[in-house]
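**Q** what's the 3D shape of this:
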Amino acid sequence: MSSNDVTKSHVCLLWGGWADERDVSHSSAVAVQGALAEAGFESVDLVDAADPELGVRLSTGAYDVAFIAMHGKYGEDGCIQGMLEVLHIPYTFSGVVASATAADKDLAKLVYRDAGIPCPAGICVARGEEVDPEAVVARLGLPLFVKPVLNGSSYGVTRVTETCQLADAIAVAHESSDRALVEECVTGTEITVPVIGNGEPEALQIVEVVTGAEFYDLKAKYEPSELHHVIPARLDPAAYARAQELAVAAHKALGCSGCSRSDFIVTDAGEPVLLETNTIPGMTERSLLPDSAQRSGIPFPELCRRFVEWALEEGAGRL
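**A** Below you'll find the predicted structure:
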């Protein structure tokens with residue numbers, strides 16, 4: 001591979017695996033494959049991480065770089081990243097520790113608070129742990145959100161409006177994670193702030209998320225972007241700048257690289273409250289980060305080329 005032309009890289013485009021988001025991952029991978037081809041990449045292999053021969057394929061494939069298009073468990077939580085490091089294959093996006101920390105919603109909140117980033121009050125409930133619904137509601141109020149600590153794309157998320165619903169909501173979250181996060185419901189404008197780059201990352205245009213549902217659920221996430229994305233978000237300039245500042249702060253505090261996408265609620269008082277940070281956001285052209293990048297002057301093929309470039313740059317110091 002020429003060190004001056006990343007498009008000559010032999011790319012392993014990893015998708016799939018065993019998470020709930022396998023189908024979402026496939027959509028991302030197919031979109032990235034097309035974008036890389038448009039950007040001039042000639043050698044891109046689409047590889048399902050669930051392949052029983054994955055280890056052999058990676059170790060014998062002579063890959064220059066892996067583009068990770070996996071979401072959720074095993075793909076976004078540091079697992080596949082650790083495997084790639086053992087095999088000395090550079091890869092896109094965040095490293096093992098940053099990936100694992102961001103994927104663990106409860107642990108990530110400790111990092112946010114330490115960095116001075118506002119986030120919702122909540123409690124973590126382990127599988128099998130006794131919970132007093134009345135005490136939880138007295139502490140956090142209603143409505144509440146209950147979500148798996150380790151999962152994405154709104155899988156297992158329930159909006160609780162009555163105390164009697166809490167136990168069932170926790171049980172749903174425990175179906176995909178051994179811990180459930182019960183959080184206060186912060187009201188306001190829902191936004192997401194993409195951040196890209198290594199070293200000195202930059203925030204892209206903020207996307208305001210508009211839905212007719214109780215929250216940005218699975219159905220809304222995979223409908224046409226023009227139905228739900230307002231770019232730039234309709235915020236007061238001070239709140240807009242503050243959200244971008246906090247998204248970059250979260251990216252740095254977690255130790256992310258390549259990209260991240262932080263989801264916020266901006267309260268009526270103009271205060272952005274951070275819900276979570278995604279280290280491998282959806283990668284179709286209608287997904288939130290690519291949609292924002294396009295509006296920020298970065299077409300999807302160019303964005304994917306940059307991700308490979310940053311992966312090789314980061315890999316030089318990581319491996």
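**Q** quick one: the strands in the stretch 1-150 of the chain?
**A** Using DSSP state E, counting those that start in this stretch, the strands of the stretch 1-150 of the chain run over 10-15, 43-48, 65-68, 122-126, 144-148.
**Q** Report the buried residues of the fourth one.
**A** Counting neighbours by 16 or more other CB atoms under 10 Å, one finds that the buried residues in strand 122-126 are 122-125. C-beta: built from backbone N, CA, C; applies to glycine.
**Q** now, which of these sits nearest residue 142?
**A** residue 122 (13.6 Å; CB to CB).
**Q** With residue 310 as the reference, measure out to that closest one.
**A** Counting by CB to CB, to the nearest Å, the gap between residue 122 and residue 310 amounts to 33 Å.
**Q** go on, residue 97?
**A** Distance of residue 97 to residue 310, computed by CB to CB: 18 Å.
**Q** I'd like the strands of the stretch 1-150 of the chain as a markdown table, with distance to residue 195 and mean pLDDT appended.
**A** Formatted as a markdown table, those follow (distance: least, CB to CB, whole Å; pLDDT from 0 to 100):
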| stretch | distance to residue 195 | mean pLDDT |
| --- | --- | --- |
| strand 10-15 | 22 | 98 |
| strand 43-48 | 25 | 97 |
| strand 65-68 | 17 | 98 |
| strand 122-126 | 24 | 97 |
| strand 144-148 | 22 | 95 |
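**Q** most tightly surrounded among those?
**A** strand 65-68 (a mean of 27; mean count of other CB atoms under 10 Å).
**Q** elements contacting it?
**A** strand 10-15, helix 79-86, helix 300-318 (3 or more CB pairs under 8 Å, 6 or more residues apart in numbering; DSSP states H and E).
**Q** ok so, going back, CSV please, covering the strands of the stretch 1-150 of the chain and showing distance to residue 287.
**A** Below are those laid out as CSV (distance: least, CB to CB, whole Å):
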stretch, distance to residue 287
strand 10-15, 14
strand 43-48, 18
strand 65-68, 15
strand 122-126, 27
strand 144-148, 20
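**Q** for residue 151, what are its contacts?
**A** Residue 151 sits next to 19-20, 72-73, 176-177 when contact means CB atoms under 8 Å, 6 or more residues apart in numbering.
**Q** redo that, cut-off 10 Å
**A** Residues near residue 151 by CB atoms under 10 Å, 6 or more residues apart in numbering: 19-21, 71-73, 76-77, 103, 105, 157, 173, 175-177.
**Q** so residue 199 sits in a strand?
**A** No. Looking at residue 199 with DSSP: H, G, I helix; E, B strand; the rest coil, it is coil, so not inside a strand.
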